[in-house]
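Chemist: Sequence first, predicted coordinates after that:
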Amino acid sequence: MKGNSFFYCLGQGFKGIKRNKVFFLASVATIAACVFMVGILLAVMMNINFVLKEAQDSVSITVFFDEDLNEAEIKEIGKRIEAWEEVSKIEFISAEDVWATFKESYFKDNPELAEGFAGDNPLASSASYAVYFNDIDQQKTIVDRLSSLTGVRKVNSSEVTANALSDVGKIVSIISLVIGVVLFCVSVFLISNTITTGITVRSEEIKIMKYVGATDFFVKSPFVFEGIIIGLIGAIIPLVILFFVYRSAISYIVNQFNTISDAFSMMPIAQVFTILVPVALILGAGIGLIGSIIATNKYIKV
Amino acid sequence: MIRLENVSMTYDDQHTYALNHVSLTIEDGEFVFIVGDSGAGKTTLFKLLIKEMQPTSGEIFVNGKAVTRLRRRKIPMLRREIGVVFQNFRLLKDRNVYENIAFAQRAISAPTKDINKNVAEVLTLTGISEKYRSFPDQLSGGEQQRVALARALVNKPSILLADEPTGNLDPGNSRAIMEILEEINRRGTTVIVVTHNHEIVRMMNKRVINLKNGMVANDIQEGGLAYER
């Protein structure tokens, strides 16, 4: 498309909106409703994933070492583990730390009993590493890899927790995807119907364009631009509403449900909108684009 | 040049012929009337020439292009060679005269600098220059048909197809439109007029192709005066 034709079609897109205000409002309202629903779904799913990720991040594997290894040798192995790409971080727990924690738990009421072990740590061979990883699905691989290391005596992991968290994560992803696809299809159907109604009024214009030798691309362009403009406006409105709704929801939950907010935190608004804004804009423009192409195809075969 | 070779067009039941083995040739620069009763096949012929319809059988050639075998994406190129005018003008009500005509130029992606010049030219040719800012509803039927003619001509087609161009006009305006068509033809454009208006046909004294039941009943060269229903 030549430059002047591009601007002509873009201008016609805006003029089309101006000429058909009722159709414009109906289309924007339809897209806004759809994007709003998708936005709420996305925000909820992102928060579920956020909480799951926090839970998954707290899951670790504990690695114990052979009794004859000294701390320097253990730390050397630790360095190698830390370099693995599936490992996010490691924490060293020395035998002294383990003994201190044990003493605190078991000899709290009778500290004199622990005195008998002064200078002879009964848990001397309990130095360990807590290994945290990037993806909970990789736990088994990491456990196998750790077990095969020379100097490693024992590897402790909670397969049940990891599997449960992994399964919940997958279920949430599938549900989000299914609902998202259904909402997208419903939106395209609704908007193509709305745009079809708008285009029916202008079918004469399309026919005349075709009679004077306009290409299908040229005929469609103003309607496609119009669809995209409507889609973008239809996305911006729910984004603004969602911003205030989300902000209010965070402060309401924090104020009203202290127990919940202590147990887990909601995803920060900036983080949510970093994802939500591009998704909503692409979704709005996409619905407008596909809807207008479907609608114009019905009238273009002249 | 337009050539139809054994063209037939049947509707869904395969037995009703809109056109029945029609063969004819229209040379460059001719002025031809296509006449016939309702249902004779005039509008079908019109639609076949601009490939709005595909014939059931036969071949159609327009300026050397095999219309029947033309790919869909090539249809716009064919239509740029054929200007079309309709009985009911088919103007865009929400655009003024200038915009209605310029619209045809925009549709073929004409350079902006040429549009003003070309629109001004056809406005002068069709005698509607002073109304270029008016909207269709502010114009008489004759004026609206002049605008439709200007729009059909602005892309400089080699063929002008007019479907009942005087159907909604009084005798005075009908004659005026015919004079413009004659002038366009004098300038080298092939003009084909589909009409019911026998008075106009006789007055113009041009070639007449008479369709009856989808067939060419007679083809009278420069014989408008001789034409009788």
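Modeler: Ah, there it is.
Chemist: pLDDT (mean, whole number) over the lengthiest helix in chain A?
Modeler: Secondary structure of chain A per DSSP state H: the longest helix is helix A:159-201. Helix A:159-201 carries an average pLDDT of 78.
Chemist: Is that helix in proximity to chain B?
Modeler: No. Helix A:159-201 does not reach chain B (CB under 8 Å from any CB of the partner chain); its nearest approach is 10.4 Å. Bear in mind the C-beta positions are built from the backbone N, C-alpha and C, glycine included.
Chemist: Check the offset of that helix from the chain's centre.
Modeler: 14 Å (CA atoms, centre = their mean, to the nearest Å).
Chemist: Can you list the buried residues in whatever helix or strand comes next after it?
Modeler: On the C-terminal side of helix A:159-201, the closest following helix or strand by DSSP states H and E is helix A:203-211. Within helix A:203-211, the residues that count as buried by 16 or more other CB atoms under 10 Å in any protein chain shown are A:205, A:206, A:207, A:208, A:209, A:210, A:211.
Chemist: got it, and stretch B:106-118?
Modeler: B:106, B:107, B:108, B:109, B:110, B:115, B:118.
Chemist: Can that stretch be said to contact chain A?
Modeler: Yes. Counting by CB under 8 Å from any CB, contacts between stretch B:106-118 and chain A involve B:106, B:107, B:108, B:109, B:111, B:112.
Chemist: part of a helix, is the first one?
Modeler: Yes. Counting by DSSP: H, G, I helix; E, B strand; the rest coil, residue B:106 is found in a helix.
Chemist: Could you chop chain B up by domain?
Modeler: B:2-81+B:157-226, B:92-155 (automatic domain parsing).
Chemist: For these, give me TSV that also has mean pLDDT and distance to residue A:58.
Modeler: Formatted as TSV, the domains of chain B follow (pLDDT from 0 to 100; distance: least, CB to CB, whole Å):
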stretch	mean pLDDT	distance to residue A:58
domain B:2-81+B:157-226	90	60
domain B:92-155	92	62
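Chemist: Which one of those domains lies nearest to residue A:68?
Modeler: Nearest to residue A:68, of all the domains of chain B, is domain B:2-81+B:157-226, at 80.3 Å by CB to CB.
Chemist: Just give me how far that closest one sits from the chain centre.
Modeler: 7 Å.
Chemist: Tell me how many other residues crowd the single nearest residue of the stretch 1-150 of chain A relative to chain B.
Modeler: The nearest approach of the stretch 1-150 of chain A to chain B comes at residue A:5, 4.5 Å away (CB to the nearest CB). For residue A:5, the neighbour count with other CB atoms under 10 Å in any protein chain shown is 20.
Chemist: Need the contact partners of stretch B:118-125.
Modeler: B:97-98, B:101-102, B:105, B:110, B:129, B:132, B:149-151, B:153-154, B:156, B:180, B:183-184 (CB atoms under 8 Å, 6 or more residues apart in numbering or on different chains).
Chemist: cutoff 7 Å now
Modeler: B:98, B:101, B:102, B:105, B:129, B:132, B:150, B:153, B:154 (CB atoms under 7 Å, 6 or more residues apart in numbering or on different chains).
Chemist: and what of stretch B:187-205?
Modeler: B:26, B:28-35, B:42, B:46, B:157-166, B:174, B:178, B:181, B:184-185, B:208, B:222, B:224-225, B:227, B:229.
Chemist: re earlier: ok, and which of the buried residues of helix A:203-211 reach chain B?
Modeler: A:205, A:208, A:209, A:211 (CB under 7 Å from any CB of the partner chain).
Chemist: all helices of the chain, in order?
Modeler: Answering for chain A, as no chain was given. A:3-19, A:21-57, A:71-82, A:95-106, A:111-115, A:139-147, A:159-201, A:203-211, A:216-256, A:258-263, A:269-297.
Chemist: if you could check chain B rather than the one you did, that'd help
Modeler: B:42-49, B:75-79, B:97-107, B:112-125, B:141-153, B:171-186, B:198-204.
Chemist: quick one on the thing from earlier: now render the residues of stretch B:106-118 next to chain A as JSON lines, adding distance to residue B:140.
Modeler: As requested, the residues of stretch B:106-118 next to chain A are exported to JSON lines (distance: CB to CB, whole Å):
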{"residue": "B:106", "distance to residue B:140": "26"}
{"residue": "B:107", "distance to residue B:140": "26"}
{"residue": "B:108", "distance to residue B:140": "29"}
{"residue": "B:109", "distance to residue B:140": "32"}
{"residue": "B:111", "distance to residue B:140": "33"}
{"residue": "B:112", "distance to residue B:140": "31"}
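Chemist: need the buried residues of stretch B:106-118 in CSV with distance to residue B:77, can you?
Modeler: What follows is the buried residues of stretch B:106-118, written out as CSV (distance: CB to CB, whole Å):
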residue, distance to residue B:77
B:106, 17
B:107, 13
B:108, 9
B:109, 12
B:110, 14
B:115, 20
B:118, 18
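Chemist: Closest one of the residues you listed to chain A?
Modeler: Nearest to chain A among the buried residues of stretch B:106-118, with distances taken as CB to the nearest CB, is residue B:107, at 3.6 Å.
Chemist: hmm, back to that, can you lay out the helices of chain A as TSV showing distance to residue B:70?
Modeler: Compiled in TSV, these are given as follows (distance: least, CB to CB, whole Å):
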stretch	distance to residue B:70
helix A:3-19	23
helix A:21-57	35
helix A:71-82	70
helix A:95-106	85
helix A:111-115	98
helix A:139-147	62
helix A:159-201	26
helix A:203-211	14
helix A:216-256	14
helix A:258-263	69
helix A:269-297	20
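Chemist: so which of the ones you listed gets nearest residue B:84?
Modeler: When the helices of chain A are compared by CB to CB, helix A:203-211 sits nearest residue B:84, at 5.1 Å.
Chemist: Check chain B and tell me which residue is nearest its centre.
Modeler: residue B:161 (1.3 Å; CA atoms, centre = their mean).
Chemist: If that residue is in a bridge, with which residues?
Modeler: residue B:84, residue B:192 (DSSP bridges).
Chemist: Output the helices of chain B as TSV; include the columns distance to residue A:68.
Modeler: What follows is these, written out as TSV (distance: least, CB to CB, whole Å):
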stretch	distance to residue A:68
helix B:42-49	96
helix B:75-79	86
helix B:97-107	87
helix B:112-125	88
helix B:141-153	97
helix B:171-186	107
helix B:198-204	116
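Chemist: what's the closest of these to residue B:215?
Modeler: Each of the helices of chain B was scored for nearness to residue B:215 using CB to CB, and the closest is helix B:42-49 (11.5 Å).
Chemist: in stretch B:175-195, what's buried?
Modeler: Neighbour-count burial for stretch B:175-195 [16+ other CB under 10 Å]: B:175-178, B:180-181, B:184-185, B:189-195.
Chemist: Likewise for stretch A:85-99?
Modeler: Buried residues in stretch A:85-99 (16+ other CB under 10 Å): A:87, A:90, A:93, A:95, A:98, A:99.
Chemist: Compute the first-to-last residue distance for it.
Modeler: 31 Å (CA to CA, to the nearest Å).
Chemist: That'll do, ta.
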